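A.B. asks: When you get a sec, could you give me coordinates for this:
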Amino acid sequence: MNNEISKFLIAPTASVHDAVAAIDRGGRQMALVVDENQHLLATVTDGDIRRGLLRGVGLDARVRDVMHKTPTVITRAEGVEAARRLMREKSLHQVPVVDETGKLVDLAWIDDVTGPVLFDTRVVLMAGGLGSRLRPLTDHTPKPMLTVGERPLLENIIRNFRGQGFHRFTLSLNYKAEIIRDHFKDGAAIDCQIDYVDETTRMGTAGALSLLQDRPTEPFVVMNGDLLTSVQFGALMDFHRETGAMATVCAREFSMQVPYGVIQSEGTRLLGIEEKPTQTYFVSGGIYVLSPEVLDMLEPDTPLDMPQLLDRLMGADKIVSVFPIREYWVDIGRIEDLDRARSEFNSVFGK
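C.D. replies: Residues are numbered from 1 along each chain as shown. A predicted model of the protein is given here:
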């Protein structure tokens, strides 16, 4: 067995947390469940875990609650060409390789057989906000151009996407748009393609999409330009495709503690008091994947916020999926958020 494969392996008695650690350690969006003789029993993908989280499966649960027991595999005898064909036909990034007895011998990765993946997926970044809560820092500088690490926040966002294989960007601009245009130009300096749309009036996250000159033909990413996150966007695109969604909303867990004892009652009868309980919710993470057909639900030059667009989709009985974020995420809307991002940037992303 390839020695590198050991990073991906977990036992059937492992926890979901162990699977997350193996996925992060291996960096290939998959963990492999094997027995003591290295026979492949199941696979666990990034998407399997996120779907489990939405079902209420905790990180301390057993991996059997989320693992896929009939994974797609290829035999060692079939070789590289068969692996390449299989991954292309099924839109897979990796496939386990087993011998004639079902023993794991390798994990074929699409980069290994076709070269590094370069996504043609469009990324639309909303970078026109006023940044009112960050004044006076934004009096002369648009919020996406505030420095985090050694670069403007928006450049860090684009470089993060670029490092994951995304190279086509559209920036939606309004406030002090010329500063952003002058910095990025056509994107060639950071090895990507950048074009722009200009919001002459406030259009909302969804309404601004009606200004796109070149309509996407494949699902595309929409993201607020003030987010710093280590979300794996390839996994997000896979999730969108696997769920058959028209739109996918990234969500993060948010907990808050009620500072009082909460009354539980039936009529006038007290049933109990829960002292300072913590409530946990999934909240919108400001990152979306939309299929091109969604654009048909927009009116030209008409403001529309993303929640309104999602309501329209659900009202038309279209599938809207939820992708739980388990990675680093910070919304830089306040001074304290900016300070946090600046203090944590190097430890999360490096320089």
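A.B. asks: What about residue 244, how many residues nearby?
C.D. replies: 10 (other C-beta atoms under 10 Å). Backbone N, C-alpha and C define where each C-beta goes, glycine included.
A.B. asks: Look up which helix or strand it falls in, please.
C.D. replies: Under the criterion of DSSP states H and E, residue 244 resides outside all helices and strands.
A.B. asks: residues contacting it?
C.D. replies: By C-beta atoms under 8 Å, 6 or more residues apart in numbering, residue 244 lies in contact with residue 319.
A.B. asks: Next secondary structure after the one helix or strand residue 157 maps to?
C.D. replies: Assigned by DSSP H and E, residue 157 falls within helix 153-163. Next along the chain after helix 153-163, taking DSSP H and E as the criterion, comes strand 166-173.
A.B. asks: if we look at that following strand, which residues are touching it?
C.D. replies: With contacts defined as C-beta under 8 Å, 6+ apart, strand 166-173 is touched by 118-128, 154, 158, 161, 180-181, 184, 187, 191-199, 203, 208, 211-212, 221, 225, 233.
A.B. asks: Quick one: the strands in the stretch 1-150 of the chain, in order.
C.D. replies: For the stretch 1-150 of the chain, applying DSSP state E, counting those that start in this stretch gives strands covering 9-10, 30-34, 40-45, 74-75, 94-98, 104-109, 119-126, 147-148.
A.B. asks: can I get these in JSON lines with distance to residue 273?
C.D. replies: Compiled in JSON lines, the strands of the stretch 1-150 of the chain are given as follows (distance: least, C-beta to C-beta, whole Å):
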{"stretch": "strand 9-10", "distance to residue 273": "42"}
{"stretch": "strand 30-34", "distance to residue 273": "43"}
{"stretch": "strand 40-45", "distance to residue 273": "41"}
{"stretch": "strand 74-75", "distance to residue 273": "59"}
{"stretch": "strand 94-98", "distance to residue 273": "51"}
{"stretch": "strand 104-109", "distance to residue 273": "53"}
{"stretch": "strand 119-126", "distance to residue 273": "44"}
{"stretch": "strand 147-148", "distance to residue 273": "44"}
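A.B. asks: Can you tell me which of these is packed in deepest?
C.D. replies: For these, the largest average neighbour count (mean count of other C-beta atoms under 10 Å) is found in strand 30-34, namely a mean of 26.
A.B. asks: residue ranges for the strands of the stretch 201-350 of the chain, please.
C.D. replies: Going by DSSP E, counting those that start in this stretch, the stretch 201-350 of the chain shows strands at 220-224, 227-229, 247-257, 261-266, 269-275, 278-290, 320-325, 329-331.
A.B. asks: ok, now which ones touch residue 67?
C.D. replies: By C-beta under 8 Å, 6+ apart, the residues touching residue 67 are 19, 33, 41-44, 48.
A.B. asks: Give me the phi and psi for it.
C.D. replies: Backbone torsions of residue 67, given as degrees, to the nearest 10, read phi -70, psi 160.
A.B. asks: Residue 248 is in contact with residue 239, correct?
C.D. replies: Yes: Residue 239 lies in contact with residue 248 (C-beta atoms under 8 Å); the separation is 6.4 Å.
A.B. asks: In the helix holding residue 157, which residues are buried?
C.D. replies: Using 16 or more other C-beta atoms under 10 Å as the test for burial, helix 153-163 gives 153-158, 160-162.
A.B. asks: Same question for stretch 272-291.
C.D. replies: Neighbour-count burial for stretch 272-291 flags 282, 284-291 (criterion: 16+ other C-beta under 10 Å).
A.B. asks: can I get those residues in a markdown table with pLDDT?
C.D. replies: Listed next are the buried residues of stretch 272-291 as a markdown table, based on pLDDT from 0 to 100:
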| residue | pLDDT |
| --- | --- |
| 282 | 85 |
| 284 | 90 |
| 285 | 92 |
| 286 | 94 |
| 287 | 96 |
| 288 | 97 |
| 289 | 96 |
| 290 | 96 |
| 291 | 96 |
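A.B. asks: mind putting the contacts of residue 67 in CSV, distance to residue 72 and pLDDT included?
C.D. replies: Converted to CSV, these look like this (distance: C-beta to C-beta, whole Å; pLDDT from 0 to 100):
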residue, distance to residue 72, pLDDT
19, 18, 90
33, 14, 90
41, 14, 89
42, 12, 90
43, 8, 88
44, 14, 90
48, 13, 88
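A.B. asks: For residue 261, state which of these is nearest.
C.D. replies: Using C-beta to C-beta, residue 19 is the member of the contacts of residue 67 that lies nearest residue 261, at 37.9 Å.
A.B. asks: Name all residues that make contact with the closest one.
C.D. replies: Here residue 19 is in contact with 10, 31, 44, 49, 63, 66-67 (C-beta under 8 Å, 6+ apart).
A.B. asks: nearest to residue 140, of those residues?
C.D. replies: residue 49 (43.7 Å).
A.B. asks: quick one: that closest one and residue 15, what's the gap?
C.D. replies: In this view, residue 49 and residue 15 are 11 Å apart by C-beta to C-beta, to the nearest Å.
A.B. asks: Endpoints of stretch 146-161, how far apart?
C.D. replies: 18 Å (C-alpha to C-alpha, to the nearest Å).
A.B. asks: same question but for stretch 11-31, I mixed them up
C.D. replies: Stretch 11-31 has an end-to-end distance of 10 Å (criterion: C-alpha to C-alpha).
A.B. asks: Would you mind listing the buried residues in it?
C.D. replies: Neighbour count says stretch 11-31 has 14-16, 18-23, 26, 28-31 buried, by 16+ other C-beta under 10 Å.
A.B. asks: Out of those residues, list just those in helices.
C.D. replies: Taking DSSP state H, the ones among the buried residues of stretch 11-31 that sit in helices are 16, 18-23, 26.
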